[in-house]
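[1] Structure of the sequence below:
(one chain, ligands or ions: 1)
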Amino acid sequence: MSDATVLQQEIAVEQEHVDRVYARLADLRQDASRAEKEGYQLAGVGTFGALVERDAMVYHRARRRHALDAEYEGLVFGRLDLNTGAVHYVGRMGIRDENSQSLVVDWRAPAAAAFYRATPADPLGVIRRRMIQSARERVTNIEDDLLDPEAAPDDMRVVGDGALLASLSKATGTGMRDIVATIQREQDDAIRSPASGVTIVTGGPGTGKTAVALHRAAYLLYADRSRFAGGGILVVGPSGVFVNYIATVLPSLGEDTATLRSLGSLVVGYDAVRTDPTDVAALKGSLRIRRVLERASHDAVPGGPTELKLLYRGALLRLDNNELERVRRKALQRGARRNEVRGVGFDRLFDALWAQAKGSVRNLPEKREFEAELADRTDFRDFLRAWWPRLTPMRVLRWMAEPARLRAYANGLLSRDEIALLQGSFDDLAEHGPTIADVALLDELDELLGRPRQAQKKSGNPFHVRDGVQEVSTFSDRQAATRAQVVREEDYRDYAHVVVDEAQDVTPMQWRMIGRRGQYASWTVVGDPAQTAWSGDVDELDRSRDRALGSRRRNTYSLTTNYRNSSEIFAVAARVIRTIMPDLPLPSAVRSTGVEPVDLVVGAAQLPDAVRESAEKHLSDVDGTIGVITPVERRDEMAQWVAGLPERVQVVTALQAKGMEYDAVVLVEPAEIATDASGTRTLYVALSRATQRLTTVGTRDWTNR
Ligand SMILES: Nc1ncnc2c1ncn2[C@@H]1O[C@H](COP(=O)(O)OP(=O)(O)OP(=O)(O)O)[C@@H](O)[C@H]1O
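    Modelled structure (predicted):
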């Protein structure tokens, strides 16, 4: 029998099982819809109990239907034939038949672990591992690994060679795909690492760190749903572009309890995309800026009153600037937070006025009455508001735009050159909002200023809009929601798990910002030190990370295979990083396309055409996305050069390219990116984004660096 015939026969065998699974899925879906409809009909009964029941039913069934729909495509992707004679199918969700027999095991269940972990050396009871590829409900291909030939029955057939490679050669879409069907063993170790403590995953470009981090989030939700869905999972990535790219992975895993944020949007109310020049970003990211902010948070309000004059029962009470300063300083002693100790400041002001009044006012009433009389006066209240207003972090950060203030706050903490570097970097705050680095400063100021105590606001709507079940709003749902903690206040901070992706680029100040949101969390931290753009103090960076992670137990994993780049493309990236890190262990790229990257050096006048033509060429070379990666300063001009090309062509800066992946990349002016060691690491990142094709275009030769 030919190989092709055997394959067709085996496909037919699997198709039979897959048909059963989809038939069962259709039944379950119908059940869910019916129950949902019945739930709505209960409304007609009109009793309170019926309404409560209705909403609970509708809510749960709608969720169930949503889950069934989300996992439709490629639902069954694996089969294990065990030496006990048992057969397990592995898929995106667990499904049982009407007799509660398992038709598919959820990929995260212990019974599915062998699918990812079994090797010929350690088959874990698996004789044959089969990967089943399908399009919608049709099985299209099968790839087998025979792990324990000695135990294999004579009639067992083994087909195919390389499901992983087939999956890696598929075109890249605009969003990241899940890898549940082809998770490799070293990745699976990290995904199933213990739920508590800190899981640290390192590895070179394309080794699946992001994929592992996200699948780990899905695994944790499966392994201990009440803990992780209840507390929530925070996923932090470097940029908005990146967060959009990975946003598609978690819903496809059926999870809706993860909050995805970029470093510029972690603080409520901000969605920063602007970047500072590298040296400014390093300064703003360094812990030394904290003391500068602390001074600002205690300073007098610009334009605030410099004296207090009150005519009281015929006598003039007067506090000059020195006196006012003394009162303010005293109230702000020992790290007091300005917005929280307003009352203390006011009390001290009353004390100072009282002391004066005692010497100059006849018929002075009791101190209490004296205070009440003053507190009733509009002129006095106006003074208090101007002298000690409630300050927002943004208002204080804007003070730093004033050179004299910045110099005063930074005096003795930053060098002259550093102060000069910062000068001007806060000028655009009012008009353009904060930069990504500023957001961590705003969070720090929020901490330093504190917040006035407020009555707890009741939320009108207990549900996030996210899962589309807005209609549930009864008492029972609210209770259920509270149990599941679907309700999270806007500035929620008590996450059960925090995932930090591209951790090598998180600055010390940003670690503080993230740490505030993960005080009770377990953590997954993934990154690659060789890809960092950080140009500041490395020890300080390590210390801040350690402080955020605390003394929790750490489990460290390293990934060694680059699944993204063709070996031809990664060879170019590897050459670049070797120039500054000759001994760095690099991952091995498993896939060769036989196509060498192209390097073009052209005159400045030809650059726009060369970029556009390269992008056009790649449009015909590949089916998926094409990234045009540019130095930060050239972003806008590049967008013009490629204007009008299909949406598959996306312009990003070298910094925005962090974590991203494209089928083809046109990298513009590499020499302008690699101006120093940090720039060389950024160039390494940019060069390792493409799966199939890479063209570098510039006006200068950059290869002999
Ligand atoms: N086991 C796997 N099966 C199939 N594809 C995989 C596997 N592991 C990783 N990939 C794919 O390899 C590519 C790179 O993965 P990912 O982005 O997670 O790597 P990374 O280590 O975070 O990369 P970088 O550090 O360069 O940003 C993705 O397209 C991912 O889907």
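[2] Which residues of this protein lie near the ligand?
    Applying CB under 6 Å from any ligand atom, we find that the chain lies next to the ligand at 164, 167-168, 177, 179, 182-184, 187, 203, 205-211, 528, 531, 563-564, 659, 661, 688. Every residue, glycine included, has its C-beta placed from N, CA and C.
[3] Give me the buried subset of these.
    By the neighbour-count criterion of 16 or more other CB atoms under 10 Å, the residues of the chain next to the ligand include these buried positions: 164, 167-168, 179, 182-184, 187, 203, 205-211, 528, 531, 563-564, 659, 661, 688.
[4] Pull the contacting residues for the closest residue to the ligand within the stretch 401-550 of the chain.
    Among residues of the stretch 401-550 of the chain, the one nearest the ligand by CB to the nearest ligand atom turns out to be residue 528. It sits 5.0 Å away. Contact criterion CB atoms under 8 Å, 6 or more residues apart in numbering gives 202-205, 209, 504 as the residues in contact with residue 528.
[5] Regarding the residue of the stretch 501-650 of the chain found nearest the ligand, what is its secondary structure?
    Taking CB to the nearest ligand atom as the measure, the point where the stretch 501-650 of the chain comes nearest the ligand is residue 563, at 3.5 Å. Secondary structure for residue 563, judged by DSSP: H, G, I helix; E, B strand; the rest coil, is strand.
[6] how much space between residue 572 and residue 630?
    Shown here: residue 572 relative to residue 630, a distance of 18 Å by CB to CB, to the nearest Å.
[7] Which one's more surrounded, these two?
    Set residue 572 next to residue 630 and count neighbours by other CB atoms under 10 Å: residue 630 wins out with 27 against 21.
[8] Please verify my assumption that that one contacts residue 668.
    Yes. At 4.6 Å, residue 630 and residue 668 qualify as touching, with contact defined as CB atoms under 8 Å.
[9] shared neighbours, those two?
    By the contact definition CB under 8 Å, 6+ apart, residue 630 and residue 668 are jointly contacted by residue 638.
[10] Residue ranges of each domain in the protein, please.
    Partitioning the chain according to the TED database yields domains covering residues 3-170, 192-267+491-561, 285-424, 567-698.
[11] Show the end-to-end separation of the shortest one, please.
    Start and end residues of domain 567-698 are separated by 23 Å (CA to CA, to the nearest Å).
[12] for the record, mean pLDDT for it?
    For domain 567-698, the mean per-residue pLDDT is 94.
[13] The first one now?
    Averaged across domain 3-170, pLDDT comes to 82.
[14] Test my guess that residue 288 contacts residue 415.
    No. Using CB under 8 Å as the test, residue 288 is too far from residue 415 to be in contact (10.0 Å).
[15] And the closest residue to residue 670 other than its chain neighbours, which helix or strand is it part of?
    Here the nearest residue to residue 670 in space, its sequence neighbours aside, is residue 702; by CB to CB, 6 or more residues apart in numbering that works out to 4.3 Å. Remark: residue 702 resides in no helix or strand, with elements defined by DSSP states H and E.
[16] With only the CA atoms kept, save stretch 88-100 in PDB.
    Extracted C-alpha coordinates of stretch 88-100, given in PDB (Å, rounded to 0.1, in the frame of the first residue of the first chain):
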ATOM      1  CA  HIS A  88      -7.000   9.700  24.400                       C
ATOM      2  CA  TYR A  89      -7.900  12.600  22.100                       C
ATOM      3  CA  VAL A  90      -6.500  16.000  23.000                       C
ATOM      4  CA  GLY A  91      -8.200  19.300  22.100                       C
ATOM      5  CA  ARG A  92      -8.900  22.900  23.000                       C
ATOM      6  CA  MET A  93     -11.600  21.900  25.500                       C
ATOM      7  CA  GLY A  94     -12.800  18.800  27.200                       C
ATOM      8  CA  ILE A  95     -16.000  17.200  25.800                       C
ATOM      9  CA  ARG A  96     -17.800  14.100  27.000                       C
ATOM     10  CA  ASP A  97     -20.400  12.000  25.300                       C
ATOM     11  CA  GLU A  98     -24.000  11.500  26.600                       C
ATOM     12  CA  ASN A  99     -22.600   8.700  28.800                       C
ATOM     13  CA  SER A 100     -19.900  10.900  30.300                       C
END
